[in-house]
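A.B. asks: mind folding the following:
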Amino acid sequence: MHSGGPKVLQATASALGLEDGQLSASWDCLRRTGNLSSASVLVVLEVVRNNRRPAPGTLGLLAAMGPGFCSEWVALEW
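C.D. replies: Below you'll find the model as predicted:
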């Protein structure tokens with residue numbers, strides 16, 4: 001999930017019923033680089049790909065939000 005800010009990450013976790021830690025890469029990127037709008041998702045994807053890569057076959061969701069109300073969602077299989 002792109003690191004749009006604490007409210008975005010908290011609302012997303014709540015709406016999707018995510019457990020603690022499932023957005024840890026997003027929280028880490030928010031602390032490190034701040035909100036880069038929808039491009040933030042690329043920073044999060046790089047961190048996950050390089051340091052936290054899920055097992056092959058794991059399903060995931062790549063989500064970003066841009067200015068105004070713009071939203072992109074992509075289903076992934078690692």
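A.B. asks: would you mind measuring from residue 39 to residue 14?
C.D. replies: Taking CB to CB, to the nearest Å as the measure, residue 39 and residue 14 are separated by 24 Å. In this view, the C-beta of every residue, glycine as well, is placed from N, C-alpha and C.
A.B. asks: all helices for the protein, in order.
C.D. replies: Taking DSSP state H as the criterion, the chain carries its helices at 6-16, 24-33, 40-51.
A.B. asks: who are the packing partners of the second one?
C.D. replies: It refers to helix 24-33. The helices and strands touching helix 24-33, judged by 3 or more CB pairs under 8 Å, 6 or more residues apart in numbering; DSSP states H and E, are helix 6-16, helix 40-51.
A.B. asks: report the angle between that helix and helix 40-51.
C.D. replies: Angle of helix 24-33 versus helix 40-51, following axes from the mean of the first three to the mean of the last three CA atoms, to 10 degrees, is 110 degrees.
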